[in-house]
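**Student:** Structure for the following, please:
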Amino acid sequence: PVSSARAPRLLAALDGGTRARRERVETEHLTRRGNRELRLAVHDVSNRAHNYAPPTTVVPSVDWLHVEIDAPVALGRGRLGPVLAARYHLRVTAVKLFNVKLTDELKEEIRREARIHVVVQAYCPQYVLHLYGLQLDVCAGAAFQPAMVMERAECTLSEVLHPALPLSRLEVLAEAGPLLADLATIMWYMHEREVGVGDINPTAVLVVRDVSGRKRAKLADLRHMRAVSEERSGEVLEPHGPVAYMPRELFQRPPLPVTPATLAAADIGALGRVLMEAATGKRPWEGVDEDAARLAVRQGELPPHRIDNTPECEAIAPRELKEELRALSESCCAAKWTERPSAREVVQKFNEAILPKLPPRAPPVYEYVGTTRFGTPEKPKA
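**Tutor:** This is a model prediction of the structure:
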């Protein structure tokens, strides 16, 4: 028997447990539904044979009245034109100008990539550069030109792996290690939703700072992102991106079908080559003719510059760290795609065996960079 004094508390406890279970079930249901929506949306947008655009893929137009170019000096140059530092609605952004002749086919390719960007940033904004707007159709005589406005990055992962300063490989790894772990985490998130990142190379991964000042890796090039669909079959893996970072199965004949396992294995193969580049300081197949590199990749050979035969790797200490890096990179680059680890296993290896052995990074040094147009101090920049 329950006393009258304890009855209300017992009923409240039972009701609270029921509510918690109900909320947990609803959360799991929403997660599964969100995963399926992300996968199908990426598939419908990225599949060249179908131009269906889900409702979540509305790309905003650029409001040029609120674009302020910070400096005429380009931050860099993309495949279609220069990238300028700018502010968009007072946000720190970058404007990618399209200086080439935009054919209808090229416009459709750019729109498809922008729709994929909008889809992905709607579900996981922490993993991709934010897309603020796209403008391709410009009237003759207009004061502006076709462009894309995106979140401004600090640098590319390639600039981190190949710094201008004469740093040892251990110092470079101390800076690049957390970024590579971020990249593996992004792949883990995508692979669980049966989405393949596609183009994994250091120039396609950009580095930004979060509100705490920590550097984070984000994806910038989503042209080759693929997803699996139950409704449509017959899709196969195709070569994409730089040859130096392609795994062997992309050249296999007959080609492999697009499945969650093959998409994930292709991403892991590219990640292994990026990890090898971070440790050696040499780009995969550096100094080798592209045709010769393509033939070697088809045969399943590892890049010539590896951790166990590159003099720069002698600076990596302790020895256990060097061995962990060598084992992880070579397992990711295994010739048989079925023998490669999963992204989850790669993240676990980073957290347990690699990141704890890296030297701590120096805290960011902030400097004053000016004021906004309203005269208030801008947030310090490292």
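
**Student:** Run the chain-centre distance for the longest strand belonging to the chain.
**Tutor:** The single longest strand within the chain, with elements called by DSSP state E, is strand 67-77. In terms of CA atoms, centre = their mean, to the nearest Å, the centre of strand 67-77 is set 23 Å apart from its chain centre.

**Student:** Also stretch 222-231?
**Tutor:** For stretch 222-231 - counting by CA atoms, centre = their mean - the centre lies 15 Å from the chain centre.

**Student:** next one: stretch 326-338
**Tutor:** Counting by CA atoms, centre = their mean, stretch 326-338 comes out at 20 Å from the chain centroid.

**Student:** Centre-most residue in this structure?
**Tutor:** By CA atoms, centre = their mean, the chain has its centre lying nearest to L219, at 2.7 Å.

**Student:** ok, back up a step: neighbouring strands for the longest strand of the chain, and are they parallel or not?
**Tutor:** With DSSP bridges as the test, strand 67-77 is paired with strand 82-88 (antiparallel).

**Student:** Run through the residues that contact M190.
**Tutor:** Going by CB atoms under 8 Å, 6 or more residues apart in numbering, M190 touches 196-197, 267. C-beta coordinates here come from the backbone N, C-alpha and C atoms, glycine included.

**Student:** how about the strands in the stretch 151-300 of the chain?
**Tutor:** 155-156, 195-196, 205-209, 215-219, 226-227 (DSSP state E, counting those that start in this stretch).

**Student:** Which secondary structure elements does the first one sit against?
**Tutor:** Here strand 155-156 touches strand 205-209, going by 3 or more CB pairs under 8 Å, 6 or more residues apart in numbering; DSSP states H and E.

**Student:** Residues in contact with the strand it packs on: which ones?
**Tutor:** Under CB under 8 Å, 6+ apart, the answer for strand 205-209 is 129, 151-157, 159-160, 179, 183, 215-220, 364, 382.

**Student:** Mind doing that once more with 7 Å?
**Tutor:** 129, 151, 153-157, 160, 179, 183, 215-220, 382 (CB atoms under 7 Å, 6 or more residues apart in numbering).

**Student:** Stretch 291-303 now?
**Tutor:** Counting by CB under 7 Å, 6+ apart, 243-244, 246, 248, 251, 273, 276, 284-285, 330, 333, 335 sit against stretch 291-303.

**Student:** one step back: as JSON lines, the strands of the stretch 151-300 of the chain with distance to P304 would be great.
**Tutor:** Converted to JSON lines, these look like this (distance: least, CB to CB, whole Å):
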{"stretch": "strand 155-156", "distance to P304": "24"}
{"stretch": "strand 195-196", "distance to P304": "27"}
{"stretch": "strand 205-209", "distance to P304": "23"}
{"stretch": "strand 215-219", "distance to P304": "26"}
{"stretch": "strand 226-227", "distance to P304": "30"}
